[in-house]
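>>> Have a look at this fold, sequence not included:
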C-alpha cells in the first residue's frame, strides 16, 4: 500500500518509515457524476477542507485530523497538487516527505496516478508526552483501492488493493495539528 503509514510510500520508491513492511498506496478520489453543464464531462477532484472536528484539541480532534490528512493525500495523488498536504506535516516526517516527493516527481515527469484511494477504516488515538512535545499517537487501519502509476520512461506500476495498519504521531502546533511521523505496523 502507498502513502498510508507515513504516506505509505507511494511505491514509486517513496520511502516509508518502516524497513521491510509493505508500502501503502494512495490514490485519487474518482467521480463519475457529470457536471451540471455537460452530460459527458466529469468534475475534477475538489481539495478537501479541514473539518471543524479536526480543530479540536483532544483525541477526537486528532483522529479527525488524521482522516483529513488521508483525504489530502487522495487529492494530491489525483491532481498532483501538494501545497496543502505539505502544510500539514512537519519537515522532519520522512515518510510524509517521501510520499510528497513521489507524487511531485510523477506529475512533473508528465505521469499520472489513478486509484490508490485511501479510506480510514478504524482509528484510535492515545495521548503522548515527550518533554515539550505532546499530542496523540493515532493508530489506523486504512483500505486502499488498486492503483496504477504511470510516468514517461518508467515501467507502469500496478498496485493491489489492501488494508494496512499505520501509526501516526500527531502533534499540536500553535494553531493546528501536524503529522510528525508515521509508520506501517505489522
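Nice, thanks for sending it over. Nothing here was measured: the structure is a model prediction, and the numbers come from that model.
>>> only C-alpha atoms for contact and neighbour calcs from this point on.
Will do.
>>> center of this protein, which residue is that?
Among the residues of the chain, the one closest to the centroid is residue 73, at 3.4 Å (CA atoms, centre = their mean).
>>> Just want the phi and psi numbers for that one.
With angles defined as degrees, to the nearest 10, residue 73 sits at phi -60, psi -50.
>>> Now do it, the pLDDT please.
Reported pLDDT at residue 73 in the predicted model: 98.
>>> Quickly note the distance from it to residue 54.
Separation of residue 73 from residue 54 (CA to CA, to the nearest Å) stands at 16 Å.
>>> do the same with residue 47
Taking CA to CA, one finds residue 47 at 16 Å from residue 54.
>>> Among the two, which residue is more densely surrounded?
residue 54 (21 against 14; other CA atoms under 10 Å).
>>> name the element the closest residue to residue 141 other than its chain neighbours belongs to?
Leaving aside its sequence neighbours, residue 141 sits nearest to residue 165 (CA to CA, 6 or more residues apart in numbering; 4.3 Å). Here residue 165, judged by DSSP states H and E, is contained in strand 162-172.
>>> At which residues are the helices of the chain located?
Listed in chain order, the helices of the chain (DSSP state H) span 59-79, 83-87, 94-108.
>>> Any idea which of those gets closest to residue 115?
Of all those, helix 59-79 sits nearest to residue 115, with 8.0 Å by CA to CA.
>>> Run the angle between the closest one and helix 94-108 for me.
Angle of helix 59-79 versus helix 94-108, following axes from the mean of the first three to the mean of the last three CA atoms, to 10 degrees, is 20 degrees.
>>> any weak-confidence spans in the chain?
For the chain, applying pLDDT under 70 flags the ranges 1-41.
>>> Now do the strands for it: every range, in order, please.
For the chain, applying DSSP state E gives strands covering 112-115, 118-130, 133-144, 147-150, 157-159, 162-172, 177-185.
>>> Tell me which of those sits most buried.
Across the strands of the chain, averaging neighbours per residue (mean count of other CA atoms under 10 Å) puts strand 177-185 on top, at a mean of 24.
>>> for the strand holding residue 165, the distance to its chain's centre please.
Offset of strand 162-172 from its chain centre (CA atoms, centre = their mean, to the nearest Å): 10 Å.
>>> Report the angle between that strand and helix 59-79.
Going by the same axes, to 10 degrees, strand 162-172 makes 120 degrees with helix 59-79.
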